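*Asks:* Sequence and predicted structure, then a few things I'm wondering about:
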Amino acid sequence: METVIGAWETSIGIHYHFDGLGYLLIALHLAISIPIYLYRKKGQGHSDTFAIIFFIQCSSVAATSLTADLFNLFVCLEIMGITSYVLIASSDKEQSILASYNYLMFSATAMVFFLIGVFGLYRITGSLSYEAIASVKSSLAGSDLLVAQLSLVLIVISTLLRSAIVPLSGWLVGAHSTAPHPVSALLSGVLIKVPLFALVRLLVLVVGSYRIGSVLAFAGGLSAIVGILFALRENHAKRLLAYSSVSQIGYVVTAYALAVKEGIGTERGALLLSLALLYAFCHAVAKALLFLTVGTAADALKTKDLTLMRGANQALKAQGEKIPLTCISFFIAFLSLAALPPTIGYFGKSALLSVTKGHIANQMLTITSV
């Protein structure tokens, strides 16, 4: 179902598309954000400022998941970004403020190019609606087609920065490692994935997206390798988890990209997109849980250095945790992220690697899985 907000004409109205993809993205966000909010409220008490910013961000995620026009996607991504900057800096520590500023600079630069891409498509097609753009683009030729393709590339690259794909992931490690633990969990679990899947509606409709899919698949495999290599040499607990997120989003992007390349309307394309969503959900749950449990242990031990983080269970027990829920939750999340049976992460990664056979990105993902 598609609707235009505000009773405007179709050509200038704000389009929202209510479909299974949008509902799944909203469900993913709620599954992660509700426990995160409760964790934060229990650990640090109620804060009106945090609650307001948090729920504004929730609304922007829902709008991003459902939007079907480019300018509204730009607005929603900007709101999501602004709230993220505030939440990252909410601990009032110098490192988190600097990380928030770094993310702001990266993101603001990317969104300038996003807006240029939107202007380019609007200038050529005369519309911001995905379907209208697709219908016009299929009949373009010559310089108009070149401008439309370059505009689409700018939009995709700008979105990939929000999803922290190598080489556009420079902001992520600092933001994840210095933000408050609930914010780190939300960033890694949801906010680096939603923009990517929100863009699929446009890429599905536009002719020639298979070229973008091929490039994205390679970028996904590269992210998986680079992320895991940096993670292996890291001793800071939250930075290690951040590099792991760079690697794991590579799996999601690879399946997503191959789905775009094959065509979502085909059986194989639909399967690949479904696996990308499944793996995104597996990673979101596991990584959010890891950020919360590792953060809790780090607070108890007063350190984030992995070489010193021993005896976390005893420290938490001394603080009143009668049942070792933190350690149990950590090991469940770790097993899922490591794709060990019988966790859902094992089934998700196995299915993804099986379906992507035959593409060079599969070999890159297989290397990181060993």
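*Replies:* Cool, the structure landed. Quantities reported herein were computed from a predicted structural model and do not represent experimental measurements.

*Asks:* Tell me where the chain has strands.
*Replies:* Here the chain has its strands, by DSSP state E, at 2-5, 14-17.

*Asks:* which helices and strands sit right next to the last one?
*Replies:* For strand 14-17, the packing partners by 3 or more Cβ pairs under 8 Å, 6 or more residues apart in numbering; DSSP states H and E come out as strand 2-5, helix 48-66. All C-beta spots, glycine's among them, are computed from the backbone N, C-alpha and C.

*Asks:* before we move on, back to that, highest average neighbour count across the strands of the chain?
*Replies:* Burial of those is given as mean neighbour count (mean count of other Cβ atoms under 10 Å); strand 14-17 ranks first at a mean of 20.

*Asks:* pull the CA atoms of that one into CSV?
*Replies:* Extracted C-alpha coordinates of strand 14-17, given in CSV (Å, rounded to 0.1, in the frame of the first residue of the first chain):
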residue,chain,number,x,y,z
ILE,A,14,5.6,12.8,0.4
HIS,A,15,5.3,9.1,-0.5
TYR,A,16,5.2,6.3,2.0
HIS,A,17,5.2,2.7,1.0
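
*Asks:* Which residue is the nearest non-sequential neighbour of Ala276?
*Replies:* Leaving aside its sequence neighbours, Ala276 sits nearest to Ala255 (Cβ to Cβ, 6 or more residues apart in numbering; 3.8 Å).

*Asks:* what does Ala51 give?
*Replies:* Tyr37 (7.9 Å).

*Asks:* now swap in Tyr210 and tell me
*Replies:* Computed as Cβ to Cβ, 6+ apart, the closest residue to Tyr210 that is not its neighbour in sequence is Lys261, at 4.6 Å.

*Asks:* Check Asp305 too.
*Replies:* Asn235 (5.8 Å).

*Asks:* longest helix anywhere in the protein?
*Replies:* Using DSSP state H, we find that the single longest helix of the chain is helix 267-301.

*Asks:* And the helices in the stretch 201-350 of the chain?
*Replies:* Applying DSSP state H, counting those that start in this stretch to the stretch 201-350 of the chain gives helices spanning 209-232, 237-262, 267-301, 312-318, 325-337, 344-355.

*Asks:* Could you export those as TSV, including distance to Asn72 and mean neighbour count?
*Replies:* TSV is the format used below for the helices of the stretch 201-350 of the chain (distance: least, Cβ to Cβ, whole Å; neighbours: other Cβ atoms under 10 Å):
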stretch	distance to Asn72	mean neighbour count
helix 209-232	20	20
helix 237-262	21	26
helix 267-301	22	22
helix 312-318	45	16
helix 325-337	34	17
helix 344-355	31	18
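
*Asks:* out of these, nearest to Ser369?
*Replies:* helix 344-355 (6.6 Å; Cβ to Cβ).

*Asks:* returning to what we had before: residues contacting the residue nearest to Ala276?
*Replies:* Residues in contact with Ala255, defined by Cβ atoms under 8 Å, 6 or more residues apart in numbering, are Gly220, Leu272, Leu273, Leu275, Ala276, Tyr279, Leu352, Val355, Thr356.

*Asks:* ok, the fourth one touching Gly348?
*Replies:* Yep, that's Leu275 we're talking about. Yes. With contacts counted by Cβ atoms under 8 Å, Leu275 reaches Gly348, the gap being 7.2 Å.

*Asks:* Give the residue spans of the stretch 151-300 of the chain that score low on pLDDT.
*Replies:* 204-209 (pLDDT under 70).

*Asks:* Fine by me, thanks again.
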